[in-house]
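J.: got a predicted structure here, sequence first:
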Amino acid sequence: MDQQHEELAALHALHALDESEQSALEIEIARDAELETLCHELEETAASLASVVPAIQPPMHLKSAIMDQVRQRVSAKKKAARADRRHVSRFHPWSWGIAALLAVGCFWLWNERSHLATQVAAMTEVEAEARRQLVAVLDERDLLEKKSTESARELAQISLQLESQRQSNRLSQEQVAKLTVEITELRKKDFFTQVQIATLQSTVDAYKQGVAVVVWDSEKHQGLLKLEKMPPVETGKDYQLWIVDPKNPAPVNAGVVQVDAQGFAKVEFKPVIDVSEAAKFALSVEQEGGVPNNVGPIILIGP
């Protein structure tokens, strides 16, 4: 209840509202129990003000003056009544006719008054029903406005949650990408720590032009040998790769290597037994098909 309604309630208690203001106030009273209570309290207060006004003793001559005026008015009415009686007795036939007309007019007026009273009652009932419907519409509007406000608030909260979720997902994606890069770097580092690359060299003039590179994976115990510009071996001979392991008294057999007409070969190899450490790699010329132990000349060896 606001200040405007309080002012309307005060004017209502003093009967100072016009018809439109009174109708608007009655609608609000029907909707607001607190306003209705305030109106009743102000009406009771206005009624009780009359009882607290102190009585005033009238002047002594006021009574005489009032009685003189009353006597004059009574005398004037008596003279008028006598004149009317003389006039009626003079025109007696017409008086009855006028009286009859007046009676008929009074009856017609009474009938119209009854009809109007019925219409007023019906209009009052229609107005009351319209006010009830207006109150229901206003209540429904207030409820819809409240629901709309709540929906807007919930939508704003959901938007904030979605934005927070998007930011969280973006941060998660950035962290995943960063971790992926770190893992890749670690894998690269781990790969290079477990992979050994060795270049074999020769002191024999016939093989100094040859190129031999060994890539060894110490974790998998296997490797890759690449040969280029190697001279062909004699008939009945083959190149054979060996791994020098400090814990083995003799070089470990890593397999036979055959080159093409251009002296090129690229083969994967794996020693016949596991080695604890590949200290050096060596390439020798052995009998065709290879031998279990090195007996031929070493033509290439790692540093």
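T.: Sure thing, it's come through.

J.: when you work out contacts or count neighbours from here on, use the C-alpha atoms and nothing else.
T.: Noted.

J.: now Leu14, nearest residue through space, not along the chain?
T.: Leaving aside its sequence neighbours, Leu14 sits nearest to Ala46 (C-alpha to C-alpha, 6 or more residues apart in numbering; 6.9 Å).

J.: wait, that neighbour touches His12, no?
T.: No - using C-alpha atoms under 8 Å, Ala46 makes no contact with His12, being 10.2 Å away.

J.: those two: who's more crowded?
T.: More crowded of Ala46 and His12, by other C-alpha atoms under 10 Å: His12, with 19 against 14.

J.: quick one: average pLDDT of the helix or strand harbouring that one?
T.: His12 is part of helix 3-13, with elements assigned from DSSP states H and E. Averaged across helix 3-13, pLDDT comes to 80.

J.: got the CA positions of that helix in PDB?
T.: The C-alpha trace of helix 3-13 is given here as PDB (Å, rounded to 0.1, in the frame of the first residue of the first chain):
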ATOM      1  CA  GLN A   3       1.000   6.900   0.000                       C
ATOM      2  CA  GLN A   4      -1.600   7.600  -2.800                       C
ATOM      3  CA  HIS A   5      -3.900   4.900  -1.500                       C
ATOM      4  CA  GLU A   6      -3.500   6.200   2.100                       C
ATOM      5  CA  GLU A   7      -4.600   9.700   0.900                       C
ATOM      6  CA  LEU A   8      -7.600   8.200  -1.000                       C
ATOM      7  CA  ALA A   9      -8.600   6.400   2.200                       C
ATOM      8  CA  ALA A  10      -8.500   9.600   4.200                       C
ATOM      9  CA  LEU A  11     -10.600  11.500   1.600                       C
ATOM     10  CA  HIS A  12     -13.000   8.600   1.600                       C
ATOM     11  CA  ALA A  13     -13.600   8.900   5.400                       C
END
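
J.: what packs against that helix?
T.: Helix 3-13 makes packing contacts with helix 19-31, helix 33-52 when contacts are defined by 3 or more C-alpha pairs under 8 Å, 6 or more residues apart in numbering; DSSP states H and E.

J.: how about the helices in the stretch 201-303 of the chain?
T.: With DSSP state H, counting those that start in this stretch, there are no helices along the stretch 201-303 of the chain.

J.: would you map the strands across it?
T.: For the stretch 201-303 of the chain, the strands defined by DSSP state E, counting those that start in this stretch occupy 211-217, 222-228, 237-244, 252-257, 265-269, 280-287, 298-301.

J.: contacting residues around the second one?
T.: Residues from elsewhere that reach strand 222-228 (C-alpha atoms under 8 Å, 6 or more residues apart in numbering): 210-217, 259, 262-271.

J.: out of those residues, which end up buried?
T.: 210-217, 259, 263-266, 269-271 (16 or more other C-alpha atoms under 10 Å).

J.: and the gap between Ala206 and Arg153?
T.: Counting by C-alpha to C-alpha, to the nearest Å, the gap from Ala206 to Arg153 is 89 Å.

J.: typo on my end, Asn294
T.: 86 Å.

J.: who's more crowded, those two?
T.: Legend: neighbour count by other C-alpha under 10 Å for Asn294 and Arg153, higher for Asn294 (19 against 12).

J.: was I right to think the more buried one contacts Gly255?
T.: No - contact criterion C-alpha under 8 Å: Asn294 and Gly255 do not qualify, at 11.3 Å.

J.: what touches both of these two?
T.: Between them, Asn294 and Gly255 share the contacting residues Trp242, judged by C-alpha under 8 Å, 6+ apart.

J.: helix, strand or coil for Glu174?
T.: Following DSSP: H, G, I helix; E, B strand; the rest coil, the label given to Glu174 is helix.

J.: so what pLDDT did it get?
T.: Per-residue confidence (pLDDT) for Glu174: 78.

J.: what's the burial count for it?
T.: 12.

J.: for it, give its distance to Met123.
T.: Glu174 is 75 Å from Met123, by C-alpha to C-alpha.
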